[in-house]
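1. how does the following fold in three dimensions:
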Amino acid sequence: NNKLSEDTSTKLFGKNITVSPTSVERFHKCRFCYFCQHGIRAKKLRAVDLDVLNKGTLVHHVLEQMLNKYTSKGLIDISEEIMKNDISILTDNFIRDNMGGFKNKPKKFLYQLNRIKSLIWLVIEHMSRELADSKFITAECELPIGRKGDFRSIEPFSVHLPSGGSINITGVVDRLDTFK
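-> Purely as a prediction, here's the structure:
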């Protein structure tokens, strides 16, 4: 039998469940993966490296910081030199704060990091031209959904269950644009 009893399920997940849209998607793709990650909280050990996950997080972080600093309409007015300098500072700070800094990093790591900086610059260049010609304005970055204690948070989407419990969909909206 590969199903959890209601009692075991309630012990692992609680009566009221809070999930992100990504978690819901993961549940529907593979219930066992969801169980491992959210039920027993198993974690894969991984080396601190510029793997796909860290690259994505780094790029996402730099884009968010640049939009917060210059706004979606202001990006177009930044010189290439200032933009590349900001990207370099934000990237280096991310490596220092999240990946143990630069000490003992192999040459391959530094090469990859410089390529990522160049790619971020290309993405921001393209994005700034696109946003400059658009009637959309970035209103929020990293908008929380269902985060108690965060004044910016919006209410979660809730589904009430026949058992009396509920599922609350929470998370973060990467970027919210408004039409002007």
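2. where do the strands sit along this structure?
-> Remark: strands assigned in the chain by DSSP state E are 16-19, 136-145, 157-160, 166-169, 171-179.
3. closest one to residue 72 among those?
-> Among the strands of the chain, the nearest to residue 72 by Cβ to Cβ is strand 136-145 (3.8 Å). To be clear about C-beta, it is placed using only N, CA and C from the backbone, and glycine gets the same treatment.
4. and the closest one, which residues are buried?
-> Residues 138, 140-141, 143-145 are the ones in strand 136-145 that count as buried (16 or more other Cβ atoms under 10 Å).
5. quick check: angle from that strand to strand 171-179?
-> Using axes from the mean of the first three to the mean of the last three Cα atoms, to 10 degrees, the inter-axis angle of strand 136-145 relative to strand 171-179 is 160 degrees.
6. which residues touch strand 136-145?
-> Residues outside strand 136-145 that contact it (Cβ atoms under 8 Å, 6 or more residues apart in numbering) are 64, 67-68, 71-73, 131, 150, 152-157, 169-180.
7. buried subset of those residues?
-> Neighbour counting over the contacts of strand 136-145 (16+ other Cβ under 10 Å) leaves 64, 67, 72, 131, 156, 169-171 as the buried ones.
8. which residues touch residue 167?
-> Contacts of residue 167 (Cβ under 8 Å, 6+ apart): 16-19, 158-159, 161.
9. could you dump those residues to CSV with pLDDT and distance to residue 29?
-> Below are the contacts of residue 167 laid out as CSV (pLDDT from 0 to 100; distance: Cβ to Cβ, whole Å):
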residue, pLDDT, distance to residue 29
16, 85, 23
17, 84, 17
18, 84, 19
19, 85, 14
158, 91, 23
159, 91, 19
161, 89, 21
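10. now for those residues, which sits with the most neighbours around it?
-> Tallying neighbours with other Cβ atoms under 10 Å puts residue 19 at the head of these, with 21 neighbours.
11. show me what it is bridged to.
-> Per DSSP bridges, the residues bridged to residue 19 are residue 169.
12. I'd say it and residue 170 touch.
-> Yes. Counting by Cβ atoms under 8 Å, residue 19 touches residue 170, with 7.1 Å between them.
13. remind me which residues of the protein are low pLDDT?
-> Scanning the chain for pLDDT under 70 picks out the ranges 1, 45-48.
14. quick check: phi and psi on residue 170?
-> Main-chain dihedrals, residue 170, degrees, to the nearest 10: phi -130, psi 180.
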